[in-house]
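Participant: I would like to see how this sequence folds:
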Amino acid sequence: MKTEFFLACRYMRIRRNAVSIISLTSIIGVGLGVMVLMVVLAVMTGFTDVMKSKLIETQAHFQVHSAFGPIRDGARAVEAIEKCGATAAPVIQQPVIVQYAGRRLDTRAVVMSARTADMDSHIGFSSHMVKGKLDLDHGKTVISQDMANRWGVDVGDKVLVHTAARLTSLVRIRPDGGVELNPDSSAYLPSEFTVSGIYSMGKYDFDRLMFFVGMDDAADLFDLPWGSATSIFCWGADAFELDGVVSAVRKALPDCLVSTWQETNSQLLSVLAVEKRMMFFLLIFIVLVAAFSIANTLITSVYQKTRDIGVLKALGASDGLVMRIFLMQGFLTGALGSICGTLAGYLVILFRNDILNIASAITGQDLFPKEFYYFNELPAHIVAGDVTFIIVSSILLCTLGALIPACRAARLDPAKALRYE
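Facilitator: Numbering: from 1, shown residues only. Modelled structure (predicted):
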């Protein structure tokens, strides 16, 4: 292989001719293809990993719901779940209407209540506080930074909370189809809460909707018995190994519905997995185009090196040796392009958010709106297996691209080659 490698390197040396320029552009093409593949797969992997992390962080590993409304005895359900080897916390979670700044209303809000100790031990909520403190005593609430900006409120300010059940009880539909005040209802005052803290979980859809109150305040707000819960949030030893504990909980609470975080978000996770595979399938064509460019370059090189090939064969070089020389050229082009592309891809991934900010500033548009992607910055995760697969695929395609010109070179008749030269 030393001879093939030596001659392939000599043929690839940069000279001032068209073939050398095409060879250089072929290497650049392979490098760009590898870089784009590496960046896209790293971003897709990072997006999936961060999404899973945020889902686990803002949701329970699995949830227990009653098929017949709220769970009346939350403590008994928690005890049964913990006997199955999981930890659990009763939760009240319902959509509400928030009134702020006089008469302004926001329907994009969900009350979530849990015990402060459970929020700290399972979600690590205190570490996500950006202002104030985690205080859910009577009449206190913790809202997100997005809500604070949207409502124009701060720690110490008050908000009013309406529930749909109380509002709809004020009116009724007449038999003739009209609407009138319900004479059986009584006027009510909305619940008033003082903002005690502001949090940011870094997951846009969660921060946009969820604000927290105490369990007793939530029970009063939704007219639920104290000690009841709309669901039980549960955590196992491993978020990705839940089959055993979930089966045990389903047997212990046969009247309840149990859903894991993968089941709840199965559609989203499936879409992310399919997108990653489709991105690789589509972008590998960039490398395939570069492989065809290598084939064109080597076909031209074979014609230019006809005399050299004739001399080699006249000196006793076999068809296989000549063929391996040009296959080695394709291999080296793929290898050099893959190395350059991997280094460039790593740099792009490392400075991805700076590049994104510069591009946004130049175009005047937000290229990564958190309203759609749910994160404050572009995630990325380089997986060694993905990078290895990209490099191997690129080198293999480039080597196969050199197969046709290599066969053409091997079939040259040395007598004809030297005669015409």
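Participant: Might one say that Asp217 is in contact with Val96?
Facilitator: No - Asp217 lies out of contact with Val96 (Cβ atoms under 8 Å); the separation is 11.7 Å. Bear in mind the C-beta positions are built from the backbone N, C-alpha and C, glycine included.
Participant: Glu275 is in contact with Val43, isn't it?
Facilitator: No - using Cβ under 8 Å, Glu275 is not in contact with Val43; the gap is 10.6 Å.
Participant: the more surrounded of the two?
Facilitator: Remark: of Glu275 and Val43, Val43 carries more neighbours, 19 against 14, as counted by other Cβ atoms under 10 Å.
Participant: give me the element that one is part of.
Facilitator: Assessed by DSSP states H and E, Val43 sits inside helix 18-58.
Participant: what's the following helix or strand after that helix?
Facilitator: Using DSSP H and E, the helix or strand that follows helix 18-58 in sequence is strand 62-66.
Participant: Sheet partners, orientation included, of that next one?
Facilitator: Strand pairing for strand 62-66, determined by DSSP bridges: strand 231-235 (antiparallel), strand 256-260 (antiparallel).
Participant: pLDDT weak spots in the stretch 1-150 of the chain?
Facilitator: By pLDDT under 70, the low-scoring segments of the stretch 1-150 of the chain are 1, 3-20, 22.
Participant: Show me which parts of stretch 145-164 are buried, residue by residue.
Facilitator: Buried residues in stretch 145-164, defined by neighbour count with 16 or more other Cβ atoms under 10 Å: Gln145, Asp146, Met147, Ala148, Arg150, Trp151, Val153, Val155, Val159, Val161, His162, Thr163.
Participant: Export these to JSON lines and append columns for secondary structure and distance to Leu336.
Facilitator: Output for the buried residues of stretch 145-164, formatted as JSON lines (DSSP: H, G, I helix; E, B strand; the rest coil; distance: Cβ to Cβ, whole Å):
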{"residue": "Gln145", "secondary structure": "helix", "distance to Leu336": "48"}
{"residue": "Asp146", "secondary structure": "helix", "distance to Leu336": "48"}
{"residue": "Met147", "secondary structure": "helix", "distance to Leu336": "53"}
{"residue": "Ala148", "secondary structure": "helix", "distance to Leu336": "53"}
{"residue": "Arg150", "secondary structure": "helix", "distance to Leu336": "53"}
{"residue": "Trp151", "secondary structure": "helix", "distance to Leu336": "57"}
{"residue": "Val153", "secondary structure": "coil", "distance to Leu336": "59"}
{"residue": "Val155", "secondary structure": "coil", "distance to Leu336": "58"}
{"residue": "Val159", "secondary structure": "strand", "distance to Leu336": "62"}
{"residue": "Val161", "secondary structure": "strand", "distance to Leu336": "64"}
{"residue": "His162", "secondary structure": "strand", "distance to Leu336": "66"}
{"residue": "Thr163", "secondary structure": "coil", "distance to Leu336": "66"}
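Participant: Appreciated, that's everything.
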